[in-house]
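>>> Sharing a model that was predicted from the sequence below.
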Amino acid sequence: MTSWKKVALCIILNICLITLGSFTAYSQQASTSDQEKVFEGTVKTAVGKYIYLPEAKGLDIIIAGNVEGGVENLIGKQVRVSVSLLPDKANLAVANSIELKDGNNYRNIYTRSGEPDYSDYFPPSARDQYVALNITAINKPVEWQGKTNVKVYGLLQTSEVKQGTATVPVTHIVIQDKKGKEIARIIVNNITDYARFYISKLRLFDRFWFYLNVKDQVDKKVTARTKEIFSADVVFCGLY
């Protein structure tokens, strides 16, 4: 091969390598930017480590660190939030920073300091694992017994119950028929932060679906007196 052909070949190869490198760098940059978003808006709901901005459509935002003044004090405040999207958690994003609007300026009140705690996160795909119960009467235990992951349509109610000489608050999910007559009650042992977050998001509704991990069955004698059928942990709430 003549020397001028070698020179031309080297030039062509260098151009190809430069072009390939530029394309790779652009692709990496585009991929990174696709996973990072900034939203400005007013916080409508904040519970535990979760916040909700209507402007972040379809996304719940999880906090990993301390927020100045506390997470729940953000409700009603105008903020600018930088988040990282999570490819394996389509409806969840991690807040990298939160800036609070103060007059015409923003000041930082939170910077991500680690990995979030996902232990109570309930992914949309998990809904299919929960069986909808159709409870029609407390004398039909076949309608609920033997099931561990269930969902029921009802309303949340906390009342004072006498236990010995003391009065303690007890939370129930009350199940009613179409005419509003009470059919049964489920004792609520625990409500996760993520479920409480969704209860807050559903504040315009008094009845919705509760996703439950069943714990203990209530003795039938107690059921006859109180209409309580079992106890459970609430892990999620939704309109369907």
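Happy to help now that I have it. The model shown is predicted, which means the values in this text are computed figures rather than measured ones.

>>> Give the buried residues for the longest strand along the chain.
If you go by DSSP state E, the chain has its longest strand at strand 149-163. Within strand 149-163, the residues scored as buried using 16 or more other Cβ atoms under 10 Å are V150, K151, V152, Y153, G154, L156. In this view, the C-beta of every residue, glycine as well, is placed from N, C-alpha and C.

>>> Let me see the ranges of the strands in this structure.
Secondary structure of the chain by DSSP E: the strands cover 36-42, 45-47, 50-52, 60-62, 78-85, 92-102, 105-111, 131-132, 149-163, 166-176, 182-191, 208-217, 228-238.

>>> Need the contact partners of the longest one.
Residues from elsewhere that reach strand 149-163, judged by Cβ atoms under 8 Å, 6 or more residues apart in numbering: 127, 129-133, 135, 144, 167-176, 186, 188, 199, 206-214, 232.

>>> do the same with the first one
For strand 36-42, the surrounding residues in contact (Cβ under 8 Å, 6+ apart) are 53-56, 76-85, 93, 96.

>>> From Q163, how far out is the residue nearest the centre of the chain?
Closest residue to the average C-alpha location of the chain: Y194 at 4.7 Å, with Cα atoms, centre = their mean. Distance of Y194 to Q163, computed by Cβ to Cβ, to the nearest Å: 29 Å.

>>> Hmm, Y194 is touching V235, no?
Yes: counting by Cβ atoms under 8 Å, Y194 touches V235, with 7.4 Å between them.

>>> Overlap in contacts, those two.
Common neighbours of Y194 and V235 (Cβ under 8 Å, 6+ apart) are D120, F122.

>>> Ends of stretch 73-80, what's the gap?
Using Cα to Cα, to the nearest Å, the end-to-end distance of stretch 73-80 comes to 15 Å.

>>> how about it: buried residues?
L74, V79, R80.

>>> where in the chain is pLDDT low?
The model of the chain has pLDDT under 70 over residues 1-34.

>>> domain assignment for it?
The chain breaks down by automatic domain parsing into domains covering 35-111, 124-238.

>>> Could you tell me the end-to-end distance of the longest one?
Translated: domain 124-238. Using Cα to Cα, the end-to-end distance of domain 124-238 comes to 11 Å.
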